[in-house]
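Visitor: Dropping the sequence and predicted coords here.
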Protein chains: 2
Amino acid sequence: MSSSPLEFLARRLSQRAPLSEDDVAAVSSLPHTVRIVHAATYLVREGEPPKPYCALVISGMAFRHKLTVLGARQIVSLHLRGDILDLQHLFLNIADHSVQALTELDVAEIDREALREVALARPAIGQALWIEGLVDASIYREWVLNVGRRDARARIAHILCEIAIRMHAAEIIEAERFQLPMTQEQLGDATGLTSVHVNRTMKALAADGLIEQAGRWISIRDWNGIRREGDFNPLYLHLDQVAPHFGRPLSALFSRRG
Amino acid sequence: MSSSPLEFLARRLSQRAPLSEDDVAAVSSLPHTVRIVHAATYLVREGEPPKPYCALVISGMAFRHKLTVLGARQIVSLHLRGDILDLQHLFLNIADHSVQALTELDVAEIDREALREVALARPAIGQALWIEGLVDASIYREWVLNVGRRDARARIAHILCEIAIRMHAAEIIEAERFQLPMTQEQLGDATGLTSVHVNRTMKALAADGLIEQAGRWISIRDWNGIRREGDFNPLYLHLDQVAPHFGRPLSALFSRRG
DNA sequence: CGCTTCTTTGAAACGTCTCAATAGAAGTGG
DNA sequence: CCACTTCTATTGAGACGTTTCAAAGAAGCG
């Protein structure tokens, strides 16, 4: 977590577009507060105007969701260290979905107006933020495909791949083993399945030697296998633009569809 | 279609953010070509770098889609007059999905580099384009919910509501009757269903007096009914920011969940 | 250590898909 | 303008994947 939250943000943005010293200074001087958020806390509520600040995740995991009239929940994305949670509402007047902490979260709450300001006034920062937003949108598209056209086994395999590779790209995990802070019900809400079927499907993946479960820890035993099962092609994550440092063993496995 | 394509674009953008005269002039002088595109033509292809121009739809309909390894197709969004088709790739190096003409299309191909330029250099234009992009993202989220958590009947009803209201907001239709240029297979690809089941479901909606089909023409017989069946809440379209002129009879029906 | 939350399992019900075949509409070339 | 071909819509019957309901175990937490 080296240094300050805003230096962290500046570093992240400069991976997406080259920032000048002035740009870095502008990012570094954004008004902000660091805060700890308990698991399950709402950061954004559907139907309300966005808060006057945007939360940058420093550690922990969060998710976006929407509800059906009948109360069915669909998780529409997951977020990790480095993600800006309210970017999706930066220029919108009313929140169209809710954002909730999945785990306890360290966040930096950045003044919304100031962020809008730099996004529009500073081209390099603007471009970096555009890339953030466009990659989020790309992930939504992949999720529409995942939930619309893949069966349960593929959906689960796909989301496990996405989480693993994004955690890896965010430098949260080193190896194939990671802690998944989601219940099977949440996993179901993210994949359009019931928790019961998530359970059966994961058991099946484990029985086939693709993954191994030990409590909340998940190990991928067979990367090529799970990637194939999940029809996972990381193109949609645009890692070349988002994590240029990403050149570790895993990336080789994921670099092309096989 | 009054006036030139770029005046049309300038008018649209100024509905999203107030443009100065200079801004309007900058939009109006964007290098562009007007072109007719045949139905089914690819405008963007997954895996390729985006074209050197961005297509603005002047008339007709287009859609984005992604494919499974097994060849299953998922349509992830629909686009009408006024939509900028390549905005989703404006700052990305490789296309993560394909865009295809649904009908014959009139488009204005705007120079991509010039559009990036104004998006970053001119705050008001930048903000207007941000809103475009964020609303697209909001629609993707709603589609994840639609496909993940609603049954066939609700999915179909929902997409019909979305199309009707967006056509209305884009001033393509006046009333409750509109021509849907989609086959039932395409409707299935947009809702994660098979064409067979789309057929049965639409027959059922018609039998229940909610819609009426006559060839490719669809009439909504019972707005409140279909809106309820489709769990349709137009909040996610952010019409207040996108179509402020939108104050016709239909909007009353859709203004709040009932 | 007791209480809540989460996981696991079984059996039956149900929604959607698959396969298959027919009918209708639309487009094409002679 | 008709015959031909090719899409598109329609319908039926059976198969299949996923959900529902219910109940028991296991794990996590104060």
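Guide: Happy to help now that I have it. Numbering: from 1, shown residues only, chains lettered A, B, ... in the order given.

Visitor: you'd agree A:Pro181 is up against A:Phe63?
Guide: No. In this structure A:Pro181 lies outside contact range of A:Phe63 using CB atoms under 8 Å: 10.2 Å. Just so you know, the C-beta spots here come from the backbone N, C-alpha and C atoms, and that holds for glycine as well.

Visitor: Can you work out which residues contact both of those two?
Guide: A:Leu102 (CB atoms under 8 Å, 6 or more residues apart in numbering or on different chains).

Visitor: neighbour-wise, which of these two wins?
Guide: For A:Pro181 and A:Phe63, the more surrounded residue by other CB atoms under 10 Å in any protein chain shown is A:Phe63, and the numbers stand at 19 against 15.

Visitor: need the contact list for that one.
Guide: A:Ile75, A:Ser77, A:Leu78, A:His79, A:Val99, A:Gln100, A:Leu102, A:Gln186, A:Ala190.

Visitor: doesn't it fall inside a strand?
Guide: Yes. Counting by DSSP: H, G, I helix; E, B strand; the rest coil, A:Phe63 falls inside a strand.

Visitor: I'd like the distance between it and A:Val44.
Guide: Distance of A:Phe63 to A:Val44, given as CB to CB, to the nearest Å: 11 Å.

Visitor: quick one: common contacting residues for those two?
Guide: A:Val99.

Visitor: give me the beta-bridge partners of the spatially most central residue of chain A?
Guide: Residue closest to the average C-alpha location in chain A (CA atoms, centre = their mean): A:His79, at 2.8 Å. Taking DSSP bridges, one obtains A:Ala62 as the residues bridged to A:His79.

Visitor: Let's see the pLDDT reported for it.
Guide: Listed pLDDT for A:His79 reads 98.

Visitor: before we move on, the earlier item: can you tell me which of the contacts of A:Phe63 are in helices?
Guide: Among the contacts of A:Phe63, the members found in helices (DSSP state H) are A:Gln186, A:Ala190.

Visitor: mind giving me JSON lines with the contacts of A:Phe63 and columns for distance to A:Ile110?
Guide: As requested, those are arranged in JSON lines below (distance: CB to CB, whole Å):
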{"residue": "A:Ile75", "distance to A:Ile110": "24"}
{"residue": "A:Ser77", "distance to A:Ile110": "20"}
{"residue": "A:Leu78", "distance to A:Ile110": "21"}
{"residue": "A:His79", "distance to A:Ile110": "15"}
{"residue": "A:Val99", "distance to A:Ile110": "15"}
{"residue": "A:Gln100", "distance to A:Ile110": "19"}
{"residue": "A:Leu102", "distance to A:Ile110": "20"}
{"residue": "A:Gln186", "distance to A:Ile110": "27"}
{"residue": "A:Ala190", "distance to A:Ile110": "27"}
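
Visitor: Quick check: of the contacts of A:Phe63, which lies closest to DNA strand C?
Guide: Among the contacts of A:Phe63, A:Gln186 lies closest to DNA strand C (CB to the nearest atom of the strand), at 7.7 Å.

Visitor: So what's the residue count around that closest one?
Guide: Other residues close to A:Gln186 by other CB under 10 Å number 19.

Visitor: Nearest residue to it in space, please, no chain neighbours.
Guide: A:Ile75 (6.6 Å; CB to CB, 6 or more residues apart in numbering or on different chains).

Visitor: unless I'm mixing things up, the one you found is touching A:Leu67, no?
Guide: No. The criterion here is CB under 8 Å, and A:Ile75 misses it with A:Leu67 at 10.6 Å.

Visitor: Which one of those two is surrounded by more residues?
Guide: When A:Ile75 and A:Leu67 are compared for neighbours, A:Ile75 comes out ahead with 25 against 15, by other CB under 10 Å.

Visitor: by how many degrees do the longest helix seen in chain A and helix B:123-149 diverge?
Guide: Longest helix in chain A by number of residues (criterion: DSSP H): helix A:123-149. Counting by axes from the mean of the first three to the mean of the last three CA atoms, to 10 degrees, helix A:123-149 lies at 20 degrees to helix B:123-149.

Visitor: So which residues on chain A come close to DNA strand D?
Guide: With CB under 7 Å from any atom of the strand as the criterion, chain A meets DNA strand D at residues A:151-153, A:188, A:192-194, A:196-197, A:200-201, A:215-216.

Visitor: Just the ones in strands from those, please.
Guide: Nothing among those maps onto strands, per DSSP state E.

Visitor: among those residues, which two are most distant?
Guide: Using CB to CB, the residues of chain A next to DNA strand D reach their maximum pairwise distance at A:Asp151 and A:Gly215, which is 26.6 Å.

Visitor: Looking at the two, which is more packed in?
Guide: A:Asp151 (12 against 7).

Visitor: any idea how far B:Ala119 is from the more buried one?
Guide: A:Asp151 is 40 Å from B:Ala119, where distance means CB to CB.

Visitor: now swap in A:Leu115 and tell me
Guide: For A:Leu115, the distance to B:Ala119 - CB to CB - is 17 Å.

Visitor: next one: A:Leu19
Guide: Counting by CB to CB, the gap from A:Leu19 to B:Ala119 is 17 Å.

Visitor: What segments of chain A are helices?
Guide: Counting by DSSP H, the helices of chain A are A:5-16, A:21-28, A:112-121, A:123-149, A:152-169, A:184-191, A:195-207, A:223-229, A:239-242, A:249-254.

Visitor: Run the angle between the longest one and helix B:184-191 for me.
Guide: Right, the one you point to is helix A:123-149. Using the same axes, to 10 degrees: helix A:123-149 against helix B:184-191 is 120 degrees.

Visitor: and what of the fifth one?
Guide: Here helix A:152-169 runs at 50 degrees with respect to helix B:184-191, directions being taken by the same axes, to 10 degrees.

Visitor: next one: the second one
Guide: Helix A:21-28 runs at 70 degrees relative to helix B:184-191, counting by the same axes, to 10 degrees.

Visitor: ok, and what's touching helix A:21-28?
Guide: In contact with helix A:21-28 (CB under 8 Å, 6+ apart) are residues A:Ser4, A:Leu6, A:Glu7, A:Leu9, A:Ala10, A:Leu13, A:Ser14, A:Leu19, A:Val118, A:Arg122, A:Ala124, A:Ile125.

Visitor: do you know how far the closest residue to the last one other than its chain neighbours is from chain B?
Guide: Spatial nearest neighbour of A:Ile125, excluding adjacent residues (CB to CB, 6+ apart): A:Val118 at 4.9 Å. When CB to the nearest CB, to the nearest Å is applied, the distance between A:Val118 and chain B equals 11 Å.

Visitor: swap in A:Ala207?
Guide: When A:Ala207 is compared with chain B (using CB to the nearest CB), they lie 23 Å apart.

Visitor: Tell me how far that residue lies from A:Leu160.
Guide: 15 Å.

Visitor: and which of the contacts of A:Phe63 is nearest B:Trp143?
Guide: A:Ser77 (12.8 Å).

Visitor: Next up, the contacts around that closest one.
Guide: Going by CB under 8 Å, 6+ apart, A:Ser77 touches A:Phe63, A:Arg64, A:Asp136, A:Ile139, A:Tyr140, A:Trp143, B:Arg141.

Visitor: can we see that at 10 Å?
Guide: A:62-65, A:83, A:88, A:97, A:99, A:136, A:139-140, A:143, A:162, A:190, B:137, B:140-141, B:144 (CB atoms under 10 Å, 6 or more residues apart in numbering or on different chains).
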